[in-house]
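# This is the structure alone, sequence omitted:
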């Protein structure tokens, strides 16, 4: 009598283990991608808050108005000259910054087709007294959002729940 040969193939248990591992990997990947967008938005909001603090200090120390300009590409700062016009200002502390791809500024008060005059005017102004233009800015990347509150002389990063109420 010849020995029975074992049939080639996978057992049901082996198939279930493989499916479980694939499902676990897929769910972790989705969670990581969602968290990645949120962490990128949070990082940009913290950077913006740091830049705003630097701009406020610059206005206080230089006794000149400092402006913040933004568009779909990114943002930069300017200072008001003695002639009354806004001159672009860049330094190591306040470089011109680009938004990461896909990040948008939600609920901005910019017109759909801005004129050259509108682009020259800053969205926010930091005064030498320490006061600044009040605003609420929300950054969004995919479903991830984070808001900043700019009011009087206060700058704050809002909780995610507060940002979601917009």
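Received the coordinates, thanks. Bear in mind that the values here come from a model prediction, so they are computed numbers and not experimental data.
# and residue 72, what does it touch?
99, 104 (C-beta atoms under 8 Å, 6 or more residues apart in numbering). Backbone N, C-alpha and C define where each C-beta goes, glycine included.
# Can you tell me the SS state at it?
Judged by DSSP: H, G, I helix; E, B strand; the rest coil, the three-state class of residue 72 is coil.
# ok, it to residue 54 distance?
Distance from residue 72 to residue 54, counting by C-beta to C-beta, to the nearest Å: 23 Å.
# what do you get for residue 25?
Distance, residue 25 to residue 54, using C-beta to C-beta: 42 Å.
# same deal with residue 75?
As defined by C-beta to C-beta, residue 75 lies at a distance of 13 Å from residue 54.
# beta partners for the nearest residue to residue 137 once chain neighbours are set aside?
In space, and not counting its chain neighbours, residue 137 is closest to residue 148: 4.8 Å by C-beta to C-beta, 6 or more residues apart in numbering. Beta-bridge pairing of residue 148 under DSSP bridges involves residue 137, residue 157.
# Residue 148 is in contact with residue 50, isn't it?
No. Look at residue 148 against residue 50 with C-beta atoms under 8 Å: they stay out of range, at 11.0 Å.
# between these two, who's got more neighbours?
Set side by side, residue 148 and residue 50 give different neighbour counts by other C-beta atoms under 10 Å, the larger being at residue 148 (19 against 13).
# list the contacts for that one?
Taking C-beta under 8 Å, 6+ apart, we find residue 148 in contact with 45, 48, 49, 52, 136, 137, 138, 139, 155, 156, 157, 158.
# hang on, the earlier thing: out of residue 25 and residue 54, which sits in the busier spot?
residue 54 (16 against 10).
# Not counting sequence-adjacent ones, nearest residue to the more buried one?
Nearest to residue 54 is residue 93, by C-beta to C-beta, 6+ apart, at 4.9 Å.
# count of residues packed around that neighbour?
By other C-beta under 10 Å, 13 other residues sit near residue 93.
# just residue 125 next, same as before
Per other C-beta under 10 Å, the neighbour tally for residue 125 reads 18.
# For the residue nearest to residue 54, give me the backbone phi and psi.
Dihedral pair for residue 93: phi -80, psi -30, per degrees, to the nearest 10.
# Renumber starting at 36 from here on
In the new count, where the first residue is 36, that last one comes out as residue 128.
# Now do the SS call for residue 165.
Per three-state DSSP, residue 165 ends up coil.
# Perfect, I'm done here.
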